[in-house]
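S.K.: please work out how this folds:
(one chain, ligands or ions: 2)
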Amino acid sequence: MLKGIAASPGIEIGKAYVLEGHQIVINKEKITEGMVENEIKRLEEAIVRSKEQLEKIKEKAEKELGHDKAEIFAAHIMVLEDPVFIDEIKSRIKSDKITAENAVSIVSQHYVEMFNNMNDEYLKERAADVRDVSERMIKNILGVPIETLADIFDESIIIAKDLTPSDTAQMDKEKVLAFATDMGGRTSHTAIMARSLEIPAVVGLVDISRKARTGDIVIVDGNKGIVHVNPDENTLKEYEKIRQDYINYRLELKELKDLPGMTRDGVRRVELSANIGTPKDVEGALNNGAEGVGLYRTEFLYMDRENLPTEEEQFAAYKQVAEAMAPRPIIIRTLDIGGDKKLPYLDMPDEMNPFLGWRAIRMCLDRPDILKTQLRAILRASFYGNVKIMYPMICRAEEIIKANSILEEAKKELKAEGIPFDDNLEVGIMVEIPSAAVIADILAKEVDFFSIGTNDLIQYTLAVDRMNEHISNLYEPLHPAVLRLVKNVIDASHSAGKWTGMCGEMAGDVTATPILLGLGLDEFSMSASSIPQVKKIIRSLTFDEAKQIAEKALKMEKPQEIRKMMEEFIEKIK
Ligand code: PEP
Ligand code: MG
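M.R.: Ligands and ions are numbered 1, 2, ... in the order given. Next up is the predicted model:
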C-alpha cells in the first residue's frame, strides 16, 4: 500500500498506464547557412517517422474504437502530406535561418490561429489537428519519445512522476479512470483540475512511477489518498465493495441538487458555486447544482499554445460560460499566470521563488496590453449574462486602483465603438496574500466583493509550499492564524456593506464548513463535485449551531485540536 495525498475523491480499480513524460525544448537560436540542409533533413525524417506512427495508431484505433475515431488520425496524416504546410516550414528554415523544430512551431501556430478565428466549427477542429501533428513532428525532430494521454485507448489508471495542469485538462474521462503521481499537493492545479473533471486522484506518492508498471492492477482511493499496486484477492474484493458504497453515497447526495444552501432553521442562506477552468466544466457545475461560478480560472485559455489568445477567442469562451450559467453569476478572474502555471511564449523570467514572483496582477499591471485585451473580452461577455470581474494576488490598494483605471479605459473604448456591456458589473479581488487579509478594511473601500483564495493564503500565511509533498502535513486550513484572517476579511467586508466569498479549496472542505458558515461567509465556491457534501452539512445545521462552533474553534490554540473537534463534529452529521 502506498500513502499519498488525497487529491480528488472517488475510488477506481483498473490497469495502470505509466507515463514517462519528457520536456520539449525548442531551440530558437539562428542557424548558419551551412546548417540549413541538415535542418531540412531532420524535418523530412521526422515527417516520415510521424507518418509511420500515425498509421499504426490509426490501425489500432480502427480496430478498437471504430472507423469514426480512426478518421481523426487520417486527418493528422493529411496535415503531414499537405504540400503547402510542409513547403512553408521548409522555406522558413531557409529564409529565416531557424531550426526545424522552431519552423514547425511558428508555421503551425499561424495555421492554428487562422483556423481558430474561423466561424466554422469544422475548421476550428482542424486547429486541434494541426496542433497535435506539429507537436508530434517537433517531438520526432528532437527525438523525444511520444507518449500522450491522447494515445491511450483502453480505460486506464494513469501513473506519472508529475502531470501538468494541461495534461489533466486533456484527460478524456472515458479513458482515464483515475491517476496517481509521485509529486504534487492537494491544491496544485493538477489536483484542482482532477476534481473539476471528477477523476479520482492521489498525488505526492513519491515513487509510484517506479513501483508500478504498465498493465499492473491498481486501486486508487482518492478519498483516503491510498494506492495499491497489484493488490491481493481480499483487498481487491474489499475495495470493490468500498467503491460501490461510495457510488451509492454520491447518488444519495445528488438528490440535494436543486435544494438551496440553507441552514436547517431557514435563518441563513449562502450561495454555493463552482470553480471552473474551461467552458467544458460548466456541465459538471450545473449537474452538481452550482448556483454560480465563483471562480473562472482563465489561465487555461492562455496555456498550450504559442502566443496570447486574441480578444475574440477570449470573448467566445467567456460568453459561452456567461450564457450557459445565466442568470446565475459568474466571476471571471483575470489572468493568474506564474507559480505553477507558466506560459513559454511570454518570456517569463526564471525565478528562485516563482510563487513570490512576477505573477498574476503584478505581471498584468506591467503588461497593460494583456490585461486590457482580457478586460475588453470580459466586458463584452458581460452583456450576455451576470458577469463579475476579479483580480488575483492583490496585496495593496494601488493595484486595484491601477487595474480599475485600465478597466475604465476598456469601457471607454467599447462605448466609443458602440459595443454593449454591463456598465455596472461588480469588481472584486481575491484575498490570498496575508497582507491583503490584514488590511481588508482598507481594501474593502475599493471593491464590491472579496473572494478568499485559501490555497495561496494558507501557503503564504504558514510558509508551506502548497505543492510540496514533504510538508503537506503542515498545510492546515484550520490553523488558528488562517481562521483569524478569514474572520477578519469577512468582518471587514460586512462592516463596509460588501460581501465575501471563498474560492480556495477550503470552501469545499467539509471539516471547515460549519466554521465558515458561522463566521458569516456569503458564498462558497469549490470544485463542483464537492458542492453536494458541503450543502448537506449546511442543511443539517442551524445558524446558531454554526456560530457556536466557529466561536469555539476561534478560541482554540492548536491546529490539531481544532481539526480533531471538527472531524468528530462532521462524522456525527454525516
Ligand atoms: C487560491 O489561491 O485559493 C485560488 C483559488 O487561486 P489558485 O488556486 O488558482 O491559485
Ligand atoms: Mg491563488
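
S.K.: who touches the closest residue in space to V427 that isn't next to it in sequence in this structure?
M.R.: The shortest distance from V427 to any non-neighbouring residue, by CB to CB, 6 or more residues apart in numbering, is to I389 (4.9 Å). Glycine gets a C-beta too; all of them are placed from N, C-alpha and C. By CB atoms under 8 Å, 6 or more residues apart in numbering, I389 lies in contact with I331, I332, T334, L375, I378, L407, L425, E426, V427, G428.

S.K.: repeat for V18
M.R.: Going by CB under 8 Å, 6+ apart, V18 touches I159, A160, S209, A212, R213, T214.

S.K.: which residue ranges form the strands in the stretch 1-150 of the chain?
M.R.: For the stretch 1-150 of the chain, the strands defined by DSSP state E, counting those that start in this stretch occupy 2-3, 5-8, 11-18.

S.K.: make a ChimeraX selection of the buried ones in the contacts of V18.
M.R.: Selection of buried members from these for ChimeraX, criterion 16 or more other CB atoms under 10 Å:
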select :159,160,209,212
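
S.K.: ok, now which ones touch P368?
M.R.: Taking CB under 8 Å, 6+ apart, we find P368 in contact with I406.

S.K.: for it, give its distance to T168.
M.R.: Distance, P368 to T168, using CB to CB, to the nearest Å: 31 Å.

S.K.: could you do I562 as well?
M.R.: Noted for I562: a distance of 31 Å to T168, by CB to CB.

S.K.: do S493 as well
M.R.: Distance, S493 to T168, using CB to CB: 33 Å.

S.K.: ok, the contacts of I389 vs ligand 1, which is closest?
M.R.: Nearest to ligand 1 out of the contacts of I389 is I331 (CB to the nearest ligand atom; 10.8 Å).

S.K.: which strand or helix spans V534?
M.R.: For V534, the element it lies in under DSSP states H and E is helix 531-539.

S.K.: buried set for the helix or strand that that helix is followed by?
M.R.: Sequence-wise, the next helix or strand downstream of helix 531-539 (DSSP H and E) is helix 543-555. The neighbour-count check on helix 543-555 (16+ other CB under 10 Å) flags F543, E545, A546, K547, I549, A550, A553, L554 as buried.

S.K.: may I see those residues arranged in JSON lines, with distance to ligand 1 as well?
M.R.: Formatted as JSON lines, those follow (distance: CB to the nearest ligand atom, whole Å):
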{"residue": "F543", "distance to ligand 1": "26"}
{"residue": "E545", "distance to ligand 1": "27"}
{"residue": "A546", "distance to ligand 1": "22"}
{"residue": "K547", "distance to ligand 1": "25"}
{"residue": "I549", "distance to ligand 1": "23"}
{"residue": "A550", "distance to ligand 1": "20"}
{"residue": "A553", "distance to ligand 1": "20"}
{"residue": "L554", "distance to ligand 1": "21"}
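
S.K.: check contacts around the residue of the chain found nearest ligand 2.
M.R.: Nearest residue of the chain to ligand 2 (CB to the ion) works out as D456 at 3.7 Å. The contact partners of D456, by CB under 8 Å, 6+ apart, come to F355, M393, E432, I433, R466, G504.

S.K.: out of the residues you listed, which are buried?
M.R.: Looks like the contacts of D456 have F355, M393, E432, I433, R466, G504 buried, using 16+ other CB under 10 Å.

S.K.: for the third one, which non-adjacent residue is spatially closest?
M.R.: Translated: E432. Using CB to CB, 6+ apart and skipping residues adjacent in sequence, the residue nearest E432 is G453, 3.2 Å away.

S.K.: that neighbour and A436 touch, don't they?
M.R.: No: with contact defined as CB atoms under 8 Å, G453 does not count as touching A436 (9.4 Å).

S.K.: what residue is smack in the middle of this structure?
M.R.: A centroid search over the chain (CA atoms, centre = their mean) returns M193, at 4.3 Å, as the residue closest to the centre.
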